[in-house]
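Peer 1: quick one: sequence plus predicted model below, questions after.
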Amino acid sequence: MATTINGLHHITAVSGPPQENFDFYRNKLGLRFTKKTINFDDPFTYHLYYGNYNATPGSSITFFPWTNVSDGKPNVGEATLVQYAVPGDSLDYWKERLNDLDIPIKNEQVYLGHNTISFDDNDGMNLELVADSGVNNFKTRGEGGVDDTHAIRGFFGTLLSLSDTQRTAELLQEFGWKQSGNEGGIIRYQSNPENGLGTTVDLKKDPELNGQFGRGSIHHVAFRVPDDKSQSEWREKLIGMGFQVTPVQNRDYFRSIYFREPGGVLFEIATDIPGFTHDEPLESLGQSLKLPSWYEKNRDEIESRLPELNV
């Protein structure tokens with residue numbers, strides 16, 4: 001029997017030029033730049049990772065910075081919002097910081113029991129800061145001048161925009177997630193990971209949403225399992241449920257399987273192991289370009305063709 005899937009592992013999106021992406025997520029949002037590597041399927045494109053200080057599961061947002069990609073717009077069958085958890089009394093700090101950085105706040109609301117503020121990143125991707133007292137005691141460090149006390153701890157969750165929510169809801173229930181709220185046409189499903197990060201997935205029925213994939217779009221949402229055995233059990237279970245599931249992919253810092261959930265969103269199930277300190281110590285995460293072993297022989301060419309990125 002497959003184990004319960006507890007929490008999100010990471011979220012991957014498409015950005016514009018890598019320097020602009022770094023300047024926003026590290027220097028403005030204050031996330032730690034945890035890994036500079038490449039898209040394993042496209043070695044002349046970066047794959048950039050940001051998270052909390054320890055790069056724990058449930059905190060990592062990752063980007064493929066495609067310099068010439070056209071602008072995306074939220075579309076049905078996609079994740080259309082990234083929600084970050086900040087301590088329960090931190091929103092006033094963030095409102096002041098966003099104002100100082102000339103980042104417009106789009107909305108402030110109490111939403112399914114939590115105070116939130118929403119805004120766009122530099123590529124137009126929808127972000128939300130959620131006041132969550134459950135992460136008050138989670139320790140991290142703020143970068144880019146962000147106060148440690150108010151720094152982003154990791155993900156609160158994400159929102160899926162779907163033509164219909166029922167079958168996606170049934171899949172989340174199979175994962176072991178429970179419905180915890182229903183407000184304004186949004187149904188919330190919740191998990192209970194031990195670190196309190198990446199606990200929610202919101203489902204919104206929005207069949208009229210008509211956008212396009214591109215810069216500022218979320219590519220996939222990854223859920224976490226502890227190890228290879230759990231992942232293998234889930235692969236067999238999902239195949240038995242009729243999903244088309246990829247073979248296991250080695251991503252160096254985790255192993256991955258991918259499939260499309262019933263609403264069309266690309267889901268990944270990623271292992272917690274071996275983690276981001278697999279190839280560099282915690283103290284120096286993100287400081288040098290890391291390549292998978294099969295690309296090391298091409299390092300000189302890859303480094304010469306990657307865009308400049310000053311970290």
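Peer 2: Cool, the structure landed. Given the structure is predicted, the values throughout are model-derived calculations rather than measurements. Numbering: from 1, shown residues only.
Peer 1: ok, the spatially closest residue to Leu309 that is not a sequence neighbour - how many residues close by?
Peer 2: Among residues not flanking Leu309 along the chain, Pro18 sits closest, at 4.8 Å (CB to CB, 6 or more residues apart in numbering). Every residue, glycine included, has its C-beta placed from N, CA and C. Pro18 has 23 neighbours, counted by other CB atoms under 10 Å.
Peer 1: which of the residues in stretch 157-167 are classified as buried?
Peer 2: 157-162, 165 (16 or more other CB atoms under 10 Å).
Peer 1: could you do stretch 96-113 as well?
Peer 2: The neighbour-count check on stretch 96-113 (16+ other CB under 10 Å) flags 97-98, 103, 111-112 as buried.
Peer 1: now the residues you listed in a markdown table, with pLDDT and distance to Asp42?
Peer 2: Shown next, in a markdown table, are those (pLDDT from 0 to 100; distance: CB to CB, whole Å):
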| residue | pLDDT | distance to Asp42 |
| --- | --- | --- |
| Arg97 | 98 | 34 |
| Leu98 | 98 | 33 |
| Ile103 | 98 | 30 |
| Tyr111 | 90 | 37 |
| Leu112 | 93 | 38 |
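Peer 1: now these in a markdown table, with distance to Asp71 and secondary structure?
Peer 2: Below are the buried residues of stretch 96-113 laid out as a markdown table (distance: CB to CB, whole Å; DSSP: H, G, I helix; E, B strand; the rest coil):
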| residue | distance to Asp71 | secondary structure |
| --- | --- | --- |
| Arg97 | 26 | helix |
| Leu98 | 22 | helix |
| Ile103 | 18 | coil |
| Tyr111 | 27 | strand |
| Leu112 | 30 | coil |
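Peer 1: what's the closest of those to Arg188?
Peer 2: Top of the list for closeness to Arg188, among the buried residues of stretch 96-113 and by CB to CB, is Leu112 at 5.4 Å.
Peer 1: ok, the residue lying closest to that closest one once chain neighbours are set aside to Glu170 distance?
Peer 2: The spatial neighbour of Leu112 that comes closest, neighbours along the chain excluded (CB to CB, 6+ apart), is Gly181 at 4.2 Å. The gap separating Gly181 from Glu170 is 18 Å, by CB to CB, to the nearest Å.
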